[in-house]
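Visitor: Everything below, folded, please.
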Amino acid sequence: MPMVKTDRLTLISAALLRAAGASDEEADAVATGCVNANLAGHDSHGVIAVPTYIDRIKAGHIVPGAKWTIVQESPTTTVIDGQWGFGFHVNAKAMALTIEKAKTANVAACTVFRQSHVGRLAAYPLMAMREGMIGIATADSGRSPKHVAPFGGKEARLGTNPISIAVPSDLDAPFYLDMATSAVAAGKIQLAVARGEEIPTGWIIDAEGRHTTDAAGTAHHYEPSPRWSRCCAACSLVWDSASSRLGGIMMGASWRCSTSQPSAR
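Guide: Next up, the predicted model:
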């Protein structure tokens with residue numbers, strides 16, 4: 001396998017994004033975020049995602065140069081319309097603004113809606129942690145197609161709905177949580193397909209609600225975490241409803257689902 005140095009990989013990724021229409025600032029934000037994910041061991045959120053972002057630009061799902069706007073604000077809160085720009089870019093700006101407000105008010109919160117994929121979620125709470133603050137971030141999939149079956153279900157009704165929390169400490173390495181509420185992050189399935197690797201049993205189910213290890217199959221959904229299925233499914237519902245409602249999207253209609261027989265699971 002060829003080895004590419006960090007700086008060169010960042011330059012290549014940024015150049016590809018600029019060629020697709022991203023500004024220098026946007027391209028640098030996305031490229032740096034992806035490479036940092038690789039360096040953290042999360043290849044699922046690394047440069048493998050760059051071609052997908054370029055495809056989304058071509059499809060109009062990501063709008064390069066979009067001018068994000070603050071639509072509502074108080075001394076401790078901010079609501080931002082991302083205008084379907086790069087999630088990496090607008091979320092970094094949103095967290096930086098939230099940190100500045102928290103320096104004055106001791107606590108602050110922000111929600112961003114109408115944006116694209118934000119990359120590795122931990123990147124944003126870690127910004128707060130470096131400033132001596134506790135950072136918390138949650139995300140949902142908005143109006144995008146759902147890929148996660150609720151606990152006991154066989155049809156996708158939820159996003160992977162991750163949460164990340166970073167806490168200042170005197171440890172040598174950062175102390176933080178970064179997890180999906182599904183059995184696995186979506187990017188890890190895509191990574192397995194790209195590498196031609198088999199995935200463990202318990203990551204995905206087929207259209208009939210049965211376990212499968214065929215990551216390349218066209219009809220599969222991700223499961224809730226097999227270790228804490230009920231808890232993670234409950235957390236996913238909460239993150240989905242809270243994130244959606246804060247972003248102005250009503251929740252509930254897409255949650256109705258069919259269930260499989262316990263013997264099939």
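Visitor: can I get the CA coordinates of stretch 130-139 in CSV?
Guide: C-alpha atoms of stretch 130-139 as CSV (Å, rounded to 0.1, in the frame of the first residue of the first chain):
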residue,chain,number,x,y,z
ARG,A,130,-8.7,22.9,23.9
GLU,A,131,-10.1,26.1,25.4
GLY,A,132,-10.7,24.5,28.8
MET,A,133,-14.4,23.9,28.2
ILE,A,134,-16.6,20.8,28.0
GLY,A,135,-17.9,20.4,24.4
ILE,A,136,-20.9,18.5,23.3
ALA,A,137,-22.2,17.8,19.8
THR,A,138,-25.0,15.7,18.3
ALA,A,139,-26.1,15.3,14.7
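Visitor: how far does it sit from the chain's center?
Guide: Using C-alpha atoms, centre = their mean, to the nearest Å, the mean C-alpha position of stretch 130-139 is found 15 Å from that of the whole chain.
Visitor: So which residues make contact with that stretch?
Guide: If you take C-beta atoms under 8 Å, 6 or more residues apart in numbering as the criterion, stretch 130-139 is touched by 95, 99, 102-103, 118, 121-122, 124-129, 159, 161-168, 239, 242-243. C-betas here are computed from N, CA, C, even on glycine.
Visitor: Which among the residues you listed count as buried?
Guide: Buried residues within these, counting neighbours by 16 or more other C-beta atoms under 10 Å: 95, 99, 102, 118, 121-122, 124-129, 159, 161-167, 239, 243.
Visitor: need the strands for this structure, in chain order.
Guide: 69-73, 77-85, 109-115, 135-138, 163-167, 175-179, 204-206, 211-212, 220-222 (DSSP state E).
Visitor: Flag every buried residue along stretch 43-54.
Guide: 43-50, 53-54.
Visitor: Going by distance to Glu208, which of those residues wins?
Guide: Ranked by distance to Glu208 (C-beta to C-beta), those are led by Ser44 at 26.2 Å.
Visitor: Who are the contact partners of that closest one?
Guide: By C-beta under 8 Å, 6+ apart, the contact list for Ser44 reads 37, 185-188, 190-191.
Visitor: That one: what's its closest spatial neighbour, skipping adjacent residues?
Guide: Closest residue to Ser44 apart from its sequence neighbours, by C-beta to C-beta, 6 or more residues apart in numbering: Gly187 at 3.0 Å.
Visitor: got a list of what Pro125 touches?
Guide: Pro125 sits next to 134-137, 164-166, 176 when contact means C-beta under 8 Å, 6+ apart.
Visitor: Which one of those is nearest to Leu17?
Guide: Ala137 (22.9 Å).
Visitor: Any idea what the closest one is bridged to?
Guide: Beta-bridge pairing for Ala137 (DSSP bridges): Ser164.
Visitor: That one and Met95, how far apart?
Guide: Going from Ala137 to Met95 by C-beta to C-beta, to the nearest Å gives 8 Å.
Visitor: any shared contact partners between these two?
Guide: Tyr124.
Visitor: Tally up the residues packed near Leu16, please.
Guide: For Leu16, the number of neighbouring residues by other C-beta atoms under 10 Å comes to 18.
Visitor: ah, wrong one, I meant Thr76
Guide: Thr76 has 15 neighbours, counted by other C-beta under 10 Å.
Visitor: tell me the contacts of it?
Guide: By C-beta under 8 Å, 6+ apart, the residues touching Thr76 are 101-102, 105, 107-109.
Visitor: just checking, which of the buried residues of stretch 43-54 belong to helices?
Guide: 50, 53-54 (DSSP state H).
Visitor: Show the average pLDDT along stretch 188-202.
Guide: Here stretch 188-202 scores 82 as its mean pLDDT.
Visitor: measure Ala92 to Gly135 for me?
Guide: For Ala92 relative to Gly135 (C-beta to C-beta), the value is 12 Å.
Visitor: Local confidence estimate at Asp140?
Guide: Predicted confidence (pLDDT) for Asp140: 84.
Visitor: Ok, Cys34 next?
Guide: Looking at Cys34, its pLDDT reads 97.
Visitor: That one is in contact with Ser13, isn't it?
Guide: Yes: look at Cys34 against Ser13 with C-beta atoms under 8 Å: they come within range, at 5.9 Å.
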